[in-house]
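In: The sequence isn't on hand, but the structure is:
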(Lines give C-alpha, C1' and ligand atoms only; values in the text may rest on other atoms or scores of the structure.)
Protein backbone atom coordinates (compact mmCIF):
# COMPACT_ATOMS: atom_id res chain seq x y z
CA UNK A 1 0.00 0.00 0.00
CA UNK A 2 2.73 2.50 0.97
CA UNK A 3 4.71 1.70 -2.18
CA UNK A 4 1.62 2.15 -4.31
CA UNK A 5 0.91 5.57 -2.78
CA UNK A 6 4.55 6.68 -3.10
CA UNK A 7 4.77 5.71 -6.79
CA UNK A 8 1.44 7.39 -7.48
CA UNK A 9 2.54 10.68 -5.91
CA UNK A 10 5.69 10.62 -8.03
CA UNK A 11 3.65 10.15 -11.19
CA UNK A 12 1.21 12.85 -10.13
CA UNK A 13 3.98 15.46 -10.24
CA UNK A 14 5.18 14.45 -13.72
CA UNK A 15 4.77 16.79 -16.66
CA UNK A 16 2.59 14.27 -18.48
CA UNK A 17 0.03 14.12 -15.68
CA UNK A 18 0.07 17.88 -15.09
CA UNK A 19 -0.60 18.53 -18.78
CA UNK A 20 -3.46 16.04 -18.68
CA UNK A 21 -4.90 17.73 -15.60
CA UNK A 22 -4.80 21.13 -17.28
CA UNK A 23 -7.01 19.83 -20.10
CA UNK A 24 -9.40 17.93 -17.86
CA UNK A 25 -9.81 20.84 -15.46
CA UNK A 26 -10.52 23.33 -18.25
CA UNK A 27 -13.22 21.08 -19.71
CA UNK A 28 -14.75 20.37 -16.28
CA UNK A 29 -14.84 24.03 -15.24
CA UNK A 30 -16.55 24.95 -18.52
CA UNK A 31 -19.19 22.21 -18.17
CA UNK A 32 -19.86 23.02 -14.50
CA UNK A 33 -20.15 26.75 -15.23
CA UNK A 34 -22.67 26.10 -18.01
CA UNK A 35 -24.76 23.79 -15.81
CA UNK A 36 -24.80 26.26 -12.89
CA UNK A 37 -25.58 29.17 -15.22
CA UNK A 38 -28.71 27.46 -16.52
CA UNK A 39 -29.76 25.84 -13.26
CA UNK A 40 -28.80 28.52 -10.75
CA UNK A 41 -32.39 29.48 -9.86
CA UNK A 42 -33.42 25.85 -9.51
CA UNK A 43 -30.34 25.12 -7.41
CA UNK A 44 -31.02 27.96 -4.95
CA UNK A 45 -34.71 27.02 -4.63
CA UNK A 46 -33.80 23.39 -4.10
CA UNK A 47 -31.33 24.23 -1.34
CA UNK A 48 -33.90 26.39 0.49
CA UNK A 49 -36.55 23.67 0.24
CA UNK A 50 -34.03 21.02 1.26
CA UNK A 51 -32.94 22.88 4.39
CA UNK A 52 -36.55 23.35 5.48
CA UNK A 53 -36.86 19.74 6.65
CA UNK A 54 -33.67 19.80 8.74
CA UNK A 55 -34.66 20.22 12.43
CA UNK A 56 -31.70 22.48 13.25
CA UNK A 57 -32.90 26.09 13.13
CA UNK A 58 -29.39 27.51 13.11
CA UNK A 59 -28.63 25.47 9.99
CA UNK A 60 -31.81 26.63 8.28
CA UNK A 61 -30.97 30.28 8.81
CA UNK A 62 -27.23 30.28 8.26
CA UNK A 63 -26.68 27.16 6.19
CA UNK A 64 -28.29 28.20 2.90
CA UNK A 65 -25.21 29.94 1.54
CA UNK A 66 -22.93 27.13 2.74
CA UNK A 67 -25.22 24.47 1.29
CA UNK A 68 -25.46 26.24 -2.08
CA UNK A 69 -21.69 26.50 -2.35
CA UNK A 70 -21.31 22.90 -1.16
CA UNK A 71 -23.74 21.56 -3.77
CA UNK A 72 -22.00 23.57 -6.50
CA UNK A 73 -18.65 22.26 -5.32
CA UNK A 74 -19.93 18.68 -5.29
CA UNK A 75 -21.31 19.16 -8.79
CA UNK A 76 -17.87 20.24 -10.00
CA UNK A 77 -16.28 17.19 -8.35
CA UNK A 78 -18.79 14.89 -10.06
CA UNK A 79 -18.19 16.52 -13.46
CA UNK A 80 -14.42 16.37 -12.97
CA UNK A 81 -14.60 12.66 -12.13
CA UNK A 82 -16.69 11.88 -15.21
CA UNK A 83 -14.49 13.89 -17.56
CA UNK A 84 -11.35 12.30 -16.12
CA UNK A 85 -12.83 8.84 -16.60
CA UNK A 86 -13.66 9.56 -20.25
CA UNK A 87 -10.24 11.06 -21.11
CA UNK A 88 -7.80 9.07 -18.97
CA UNK A 89 -7.14 5.98 -21.13
CA UNK A 90 -4.13 7.32 -23.08
CA UNK A 91 -2.52 8.53 -19.84
CA UNK A 92 -2.97 5.15 -18.13
CA UNK A 93 -1.46 3.33 -21.11
CA UNK A 94 1.52 5.68 -21.15
CA UNK A 95 2.16 5.22 -17.42
CA UNK A 96 1.74 1.45 -17.71
CA UNK A 97 4.31 1.27 -20.51
CA UNK A 98 6.69 3.28 -18.35
CA UNK A 99 6.36 1.24 -15.15
CA UNK A 100 5.12 -2.15 -16.36
CA UNK A 101 6.31 -2.72 -19.95
CA UNK A 102 5.60 -6.46 -19.60
CA UNK A 103 1.89 -5.84 -18.93
CA UNK A 104 0.06 -5.62 -22.26
CA UNK A 105 -3.11 -3.66 -22.89
CA UNK A 106 -5.74 -6.31 -23.57
CA UNK A 107 -8.80 -4.17 -24.29
CA UNK A 108 -10.28 -0.71 -24.11
CA UNK A 109 -13.02 0.33 -21.66
CA UNK A 110 -16.43 0.65 -23.27
CA UNK A 111 -17.17 4.38 -23.40
CA UNK A 112 -20.88 3.92 -22.83
CA UNK A 113 -20.34 1.57 -19.89
CA UNK A 114 -17.74 3.91 -18.39
CA UNK A 115 -20.05 6.92 -18.76
CA UNK A 116 -23.06 5.12 -17.27
CA UNK A 117 -20.98 3.82 -14.38
CA UNK A 118 -19.64 7.32 -13.71
CA UNK A 119 -23.13 8.83 -13.86
CA UNK A 120 -24.54 6.15 -11.55
CA UNK A 121 -21.75 6.70 -9.04
CA UNK A 122 -22.20 10.46 -9.30
CA UNK A 123 -25.94 10.28 -8.70
CA UNK A 124 -25.50 7.87 -5.80
CA UNK A 125 -22.90 10.16 -4.31
CA UNK A 126 -25.13 13.25 -4.61
CA UNK A 127 -28.15 11.39 -3.23
CA UNK A 128 -26.32 10.09 -0.14
CA UNK A 129 -24.64 13.48 0.31
CA UNK A 130 -27.97 15.30 0.32
CA UNK A 131 -29.72 12.97 2.75
CA UNK A 132 -26.75 12.95 5.14
CA UNK A 133 -25.71 16.61 4.75
CA UNK A 134 -26.06 17.41 8.50
CA UNK A 135 -23.30 14.88 9.24
CA UNK A 136 -20.82 17.29 7.67
CA UNK A 137 -21.14 19.42 10.81
CA UNK A 138 -20.23 16.61 13.22
CA UNK A 139 -16.54 17.02 14.23
CA UNK A 140 -14.22 14.25 12.95
CA UNK A 141 -17.11 11.96 12.06
CA UNK A 142 -18.18 14.35 9.31
CA UNK A 143 -14.68 14.46 7.84
CA UNK A 144 -14.37 10.68 7.64
CA UNK A 145 -17.91 10.40 6.33
CA UNK A 146 -17.16 12.77 3.46
CA UNK A 147 -14.05 10.78 2.53
CA UNK A 148 -16.20 7.67 2.30
CA UNK A 149 -18.80 9.51 0.21
CA UNK A 150 -16.15 10.72 -2.20
CA UNK A 151 -14.85 7.16 -2.44
CA UNK A 152 -18.27 6.15 -3.83
CA UNK A 153 -17.76 8.65 -6.62
CA UNK A 154 -14.28 7.35 -7.46
CA UNK A 155 -14.18 3.64 -6.71
CA UNK A 156 -16.37 1.84 -9.26
CA UNK A 157 -15.64 3.97 -12.37
CA UNK A 158 -11.90 4.05 -11.65
CA UNK A 159 -11.66 0.32 -11.09
CA UNK A 160 -13.58 -0.30 -14.31
CA UNK A 161 -11.40 2.07 -16.34
CA UNK A 162 -8.11 0.56 -15.15
CA UNK A 163 -9.04 -3.11 -14.90
CA UNK A 164 -10.66 -3.15 -18.35
CA UNK A 165 -7.34 -2.20 -19.88
CA UNK A 166 -5.24 -4.91 -18.28
CA UNK A 167 -7.31 -7.72 -16.73
CA UNK A 168 -9.48 -10.35 -18.38
CA UNK A 169 -9.53 -12.94 -15.58
CA UNK A 170 -12.57 -12.42 -13.34
CA UNK A 171 -10.81 -14.00 -10.34
CA UNK A 172 -8.00 -11.48 -10.66
CA UNK A 173 -10.57 -8.68 -10.83
CA UNK A 174 -12.17 -9.84 -7.60
CA UNK A 175 -8.79 -10.09 -5.88
CA UNK A 176 -7.68 -6.68 -7.05
CA UNK A 177 -10.96 -5.07 -6.03
CA UNK A 178 -10.02 -5.55 -2.40
CA UNK A 179 -8.69 -2.43 -0.67
CA UNK A 180 -9.98 -0.20 -3.47
CA UNK A 181 -12.35 1.59 -1.08
CA UNK A 182 -9.36 2.59 1.05
CA UNK A 183 -7.40 3.68 -2.03
CA UNK A 184 -10.36 5.75 -3.23
CA UNK A 185 -10.57 7.41 0.19
CA UNK A 186 -6.86 8.23 0.05
CA UNK A 187 -7.33 9.91 -3.33
CA UNK A 188 -10.47 11.68 -2.08
CA UNK A 189 -8.37 13.42 0.56
CA UNK A 190 -7.40 15.95 -2.13
CA UNK A 191 -10.99 17.21 -2.09
CA UNK A 192 -10.29 18.85 1.27
CA UNK A 193 -7.55 21.01 -0.24
CA UNK A 194 -8.66 23.99 -2.37
CA UNK A 195 -7.25 23.92 -5.92
CA UNK A 196 -5.49 20.59 -5.31
CA UNK A 197 -8.90 18.92 -5.28
CA UNK A 198 -8.66 18.76 -9.08
CA UNK A 199 -6.09 16.00 -8.67
CA UNK A 200 -8.37 13.58 -6.79
CA UNK A 201 -9.84 11.69 -9.80
CA UNK A 202 -6.57 11.29 -11.70
CA UNK A 203 -4.72 10.37 -8.50
CA UNK A 204 -7.32 7.63 -7.95
CA UNK A 205 -6.72 6.36 -11.49
CA UNK A 206 -2.95 6.25 -10.91
CA UNK A 207 -3.35 4.60 -7.50
CA UNK A 208 -5.56 1.90 -9.00
CA UNK A 209 -3.11 1.42 -11.87
CA UNK A 210 -0.22 0.67 -9.51
CA UNK A 211 -2.48 -1.39 -7.25
CA UNK A 212 -3.67 -3.55 -10.15
CA UNK A 213 -0.37 -3.97 -12.00
CA UNK A 214 2.11 -3.74 -9.13
CA UNK A 215 1.79 -7.18 -7.53
CA UNK A 216 -0.06 -10.14 -9.01
CA UNK A 217 -2.36 -11.95 -6.58
CA UNK A 218 -1.47 -15.49 -5.58
CA UNK A 219 -2.80 -18.37 -7.66
CA UNK A 220 -3.92 -16.00 -10.39
CA UNK A 221 -2.26 -14.59 -13.45
CA UNK A 222 -2.98 -11.46 -15.33
CA UNK A 223 -3.54 -11.60 -19.02
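Out: In hand now; what should we look at? Fair warning: this is a prediction, and the values are worked out from it, not measured in the lab.
In: top helix in this structure by residue count?
Out: Counting by DSSP state H, the longest helix found in the chain is helix 15-51.
In: list the helices and strands it packs on?
Out: For helix 15-51, the elements it packs on are helix 57-87, helix 89-99, helix 200-214, judged by 3 or more CB pairs under 8 Å, 6 or more residues apart in numbering; DSSP states H and E. No exception for glycine: its C-beta is placed from N, CA and C like everyone else's.
In: which ones are touching residue 203?
Out: 8, 12, 187, 190 (CB atoms under 8 Å, 6 or more residues apart in numbering).
In: And the pLDDT at it?
Out: pLDDT recorded at residue 203 is 94.
In: ditto for residue 134
Out: On the pLDDT scale, residue 134 gets 73.
In: That one: what secondary structure?
Out: helix (DSSP: H, G, I helix; E, B strand; the rest coil).
In: Tell me the gap between the longest helix of the chain and the middle of its chain.
Out: 15 Å (CA atoms, centre = their mean, to the nearest Å).
In: Against residue 138, how distant is the residue most central in space within the chain?
Out: The centroid of the chain falls nearest to residue 154 when counting by CA atoms, centre = their mean (3.1 Å). Applying CB to CB, to the nearest Å, the value for residue 154 to residue 138 is 23 Å.
In: swap in residue 31?
Out: According to CB to CB, residue 31 and residue 138 sit 32 Å apart.
In: swap in residue 40?
Out: For residue 40 relative to residue 138 (CB to CB), the value is 29 Å.
In: low-scoring pLDDT stretches of this protein, where are they?
Out: Applying pLDDT under 70 to the chain flags the ranges 41, 43-44, 46-68, 215-223.
In: could you redo the last one with a cut-off of 50?
Out: In the predicted model of the chain, residues 216-223 satisfy pLDDT under 50.
In: Which residues belonging to stretch 17-32 are considered buried?
Out: The neighbour-count check on stretch 17-32 (16 or more other CB atoms under 10 Å) flags 17, 20-21, 24-25, 27-28, 31-32 as buried.
In: Go through these and say which is closest to residue 165.
Out: Residue 165 lies nearest to residue 20 out of the buried residues of stretch 17-32, by CB to CB, at 15.9 Å.
In: Hmm, residue 91 and the closest one touching each other?
Out: Yes - in terms of CB atoms under 8 Å, residue 20 counts as a neighbour of residue 91; the distance is 5.0 Å.
In: Please name the residues that touch the residue nearest to residue 200 when sequence neighbours are not counted.
Out: Using CB to CB, 6 or more residues apart in numbering and skipping residues adjacent in sequence, the residue nearest residue 200 is residue 190, 4.0 Å away. By CB under 8 Å, 6+ apart, the residues touching residue 190 are 196-200, 203.
In: cool, and residue 100?
Out: The contact partners of residue 100, by CB under 8 Å, 6+ apart, come to 213-214.
In: quick one, phi psi at it?
Out: Per-residue torsions, residue 100: phi -130, psi 70 (degrees, to the nearest 10).
In: contacting residues around the closest residue to residue 111 other than its chain neighbours?
Out: Closest residue to residue 111 apart from its sequence neighbours, by CB to CB, 6+ apart: residue 86 at 7.0 Å. Neighbouring residues of residue 86 by CB under 8 Å, 6+ apart: 111, 114-115, 118.
In: Which ones among these map onto helices?
Out: Counting by DSSP H, the contacts of residue 86 contribute 111, 114-115, 118 to helices.
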